[in-house]
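>>> I'd like to go over a predicted model; first the sequence, then the structure.
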Amino acid sequence: MSIEASTELFLGRQPIMDATGNLVAFELLFRSGHANGAVIDDDVAATATVINHVFSELGVDAVLGGYAGFINLSAGLILSDVIELLPSDRVVLELLETVQITPAVLARLRELRERGFQIALDDYAGNEELYGDTLDLVDIVKVDVQGMSAPVLENVTDRLKRWPVRLLAEKVDAKDQVQHCADLGYELFQGYYFARPSVITGRRLSHAHGAIMRLTGLVAQDAESSEIERVFKENPDLSINLLRLVNSAAMGTRRRVRSLQDAIILLGRNQLQRWLQLMMFSAEGGSNGRFPSPLLLIAATRGRLMELLFDAAFGRNRGRGGDEAFLAGITSLMGALLGMSLEEVFKGLPVPDSVRLAVLERSGAVGRLLSLAEGLERADVDTIQAELTHLPRLDASTVNDIHVAAMEWAHAIGRPGHH
């Protein structure tokens, strides 16, 4: 089977977390379509091409960092030898609900488990009679909780406890759902509940976030270095992190920098602004003081993705467009971080109007890149192809390579001990 030259392949990913909000894995989403905008069904050849590109050419660590990857399997993929290209210690094979359970499929699942793969059952809704012996062969069951009433969820969960499986609640869109599922015995969670702002009237910023907002404003206004230094001195944690940054191997400094003034000068205003934007997301290490925060990884990936896409689409010399694209990507998730509407966030955040309008209204070139970035995160082919029609210098291959480069960069930002 061959893939037509016009076929476009895209990779998306969704975070999977534990009950405390720590990132533990990603589900990788492979989607294919045609350049004319017509979406086609994923097939063995299309998925095999992306798997080979991701795991052989680009490297598994670039896409997954240090985490596991869940990969959807059709019946054709289960029975093919493509799976054997995958690292069994890094990959969870996810059996789609559309797969017909045949003796051949069951035999193949047994073989894959013997090879060291973990198996997950996708979109489970309590219909165990459809799966026969499959539940004896899986390690993880993903239960679709969307639209499921509490009594039904409790009943489904109780019945699943007959098998020694780990439970994953998918399509979770509210934090109270996470708590309810955790109380029922669920260990893993998938859904963008953590990226939805919980708007609380009169909410106050934490001390760390407030300090970073003040510094962001001072840098944007090109304030004197002494004024910026004073705010750093009032916040020892930020000062330590800044000194660690400028003394890191990545900065290539030959002498050790010990003063805040030297650090501010060495880093430069543009890089200081970018560092502060990322520190906003990592100021408290997510909800539990630990790295990596899923929101930090998404924000860092989105910002870097948009910057690189801007440079590829319009050229690096087009003003500060790349910087504005990065800023728009980061700020588009600040509402979730701070628990307030984006309109409220922008009232206290000094950013160019072009960035504000790109985030709030998806206007201009940067707004279009934000829509494209969101489409890539979801592997939403319709959105991706619609935006690419307005960005003729970008094609599927370029976009995928840029997306993976952004993932790799974000993993470095979110790695424990990285500042």
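On my side now, so go ahead.
>>> So Leu342 sits against Leu360, correct?
Yes. At 6.1 Å, Leu342 and Leu360 qualify as touching, with contact defined as CB atoms under 8 Å. All C-beta spots, glycine's among them, are computed from the backbone N, C-alpha and C.
>>> between those two, which one's more packed in?
When neighbours are counted by other CB atoms under 10 Å, Leu342 and Leu360 differ, and Leu342 comes out ahead with 19 against 16.
>>> Contact partners for the spatially closest residue to that one that is not a sequence neighbour?
Spatial nearest neighbour of Leu342, chain neighbours left out: Gly335 (4.4 Å); criterion: CB to CB, 6 or more residues apart in numbering. Applying CB atoms under 8 Å, 6 or more residues apart in numbering to Gly335 gives the contacts Pro197, Ser341, Leu342, Glu344, Val345.
>>> any idea which of those is least confident?
Going through these one by one, the lowest pLDDT turns up at Pro197, 60.
>>> Check for me that the residue nearest to Leu342 belongs to a strand.
No. Using DSSP: H, G, I helix; E, B strand; the rest coil, the assignment for Gly335 is helix, not a strand.
>>> mind listing what Leu130 touches?
Going by CB under 8 Å, 6+ apart, Leu130 touches Ile101.
>>> What values do phi and psi take at it?
phi -80, psi -20 (degrees, to the nearest 10).
>>> What of Ile16?
phi -120, psi 130.
>>> Tell me, how many residues neighbour it?
25.
>>> Report pLDDT for the nearest residue to it once chain neighbours are set aside.
Excluding the flanking residues, the one nearest Ile16 by CB to CB, 6+ apart is Ala25, at 4.2 Å. In this model, Ala25 is scored at 93, pLDDT.
>>> Show me what the helix or strand harbouring Ala25 is packed up against.
Element membership for Ala25 (DSSP states H and E) is strand 23-34. Packing partners of strand 23-34 (3 or more CB pairs under 8 Å, 6 or more residues apart in numbering; DSSP states H and E): strand 7-18, helix 44-52, helix 60-64, strand 68-73, strand 188-190, helix 381-388.
>>> Could you tell me the least trusted of those?
Mean pLDDT, when computed for each of those, is lowest for helix 44-52, at a mean of 67.
>>> Distance check, the spatially most central residue of the chain against Leu305.
Centroid-nearest residue in the chain, with CA atoms, centre = their mean: Ile298, separated by 3.8 Å. For Ile298, the distance to Leu305 equals 10 Å [CB to CB, to the nearest Å].
>>> so who does the closest residue to Glu170 other than its chain neighbours touch?
Leaving aside its chain neighbours, Glu170 sits nearest to Gln190 (4.4 Å; criterion: CB to CB, 6+ apart). Applying CB under 8 Å, 6+ apart, one finds that Gln190 lies in contact with Gln14, Pro15, Ile16, Met17, Glu27, Lys142, Leu168, Ala169, Glu170, Lys171, Val172.
>>> Just the buried residues of the strand holding Ala25, please?
Leu23, Ala25, Phe26, Glu27, Leu28, Leu29, Phe30, Arg31, Ser32, Gly33 (16 or more other CB atoms under 10 Å).
>>> Tell me where the model's unsure across the stretch 101-250 of the chain.
Where the stretch 101-250 of the chain drops to pLDDT under 70, the residues are 196-205, 248-250.
>>> which residues in it form helices?
Assigned by DSSP state H, counting those that start in this stretch, the stretch 101-250 of the chain shows helices spanning 103-114, 150-160, 175-184, 207-220, 225-233, 236-246.
>>> for those, which one sits closest to Gly315?
Proximity to Gly315 (CB to CB) singles out helix 207-220 among the helices of the stretch 101-250 of the chain, at 24.6 Å.
>>> That'll do, ta.
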